[in-house]
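Participant: Predicted structure and sequence below. I'll ask about it afterward.
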Amino acid sequence: MINWRKSSYSGGGGSGGQECVEVARISRTVGMRDSKSPTTGHLSLETASFAVLLSCLKREDVTG
């Protein structure tokens, strides 16, 4: 069973908490999914790639 948890930064701005991302450790990867639509699938990244993604998002640099 995969243990999904809601991101602590989800729902910022004027969304009223409706923009939620869930993350989970899946084998050697990190999975991400939309909490409003959990059955539509998820995106998995290797842990190193996930760390780079988080770093870019924190800097608001989405070009990588």
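Facilitator: Yep, that arrived. Numbering: from 1, shown residues only.
Participant: Show me the contact partners of whatever helix or strand residue 30 lives in.
Facilitator: Using DSSP states H and E, residue 30 maps to strand 29-34. Contact with strand 29-34 is made by 2, 4, 20-25, 40-47, 50, as judged by C-beta atoms under 8 Å, 6 or more residues apart in numbering. Just so you know, the C-beta spots here come from the backbone N, C-alpha and C atoms, and that holds for glycine as well.
Participant: switch the cut-off to 7 Å
Facilitator: Residues outside strand 29-34 that contact it (C-beta atoms under 7 Å, 6 or more residues apart in numbering): 2, 4, 21-24, 42-47, 50.
Participant: just the buried members of these?
Facilitator: Buried by 16 or more other C-beta atoms under 10 Å: 4, 22, 23, 24, 42, 44, 45, 50, out of the contacts of strand 29-34.
Participant: show me the contacts for the residue lying closest to the second one once chain neighbours are set aside.
Facilitator: The shortest distance from residue 22 to any residue other than its chain neighbours is 4.3 Å, reached at residue 4 (C-beta to C-beta, 6 or more residues apart in numbering). Residues touching residue 4, when contacts are defined by C-beta under 7 Å, 6+ apart, comprise 22, 24, 33.
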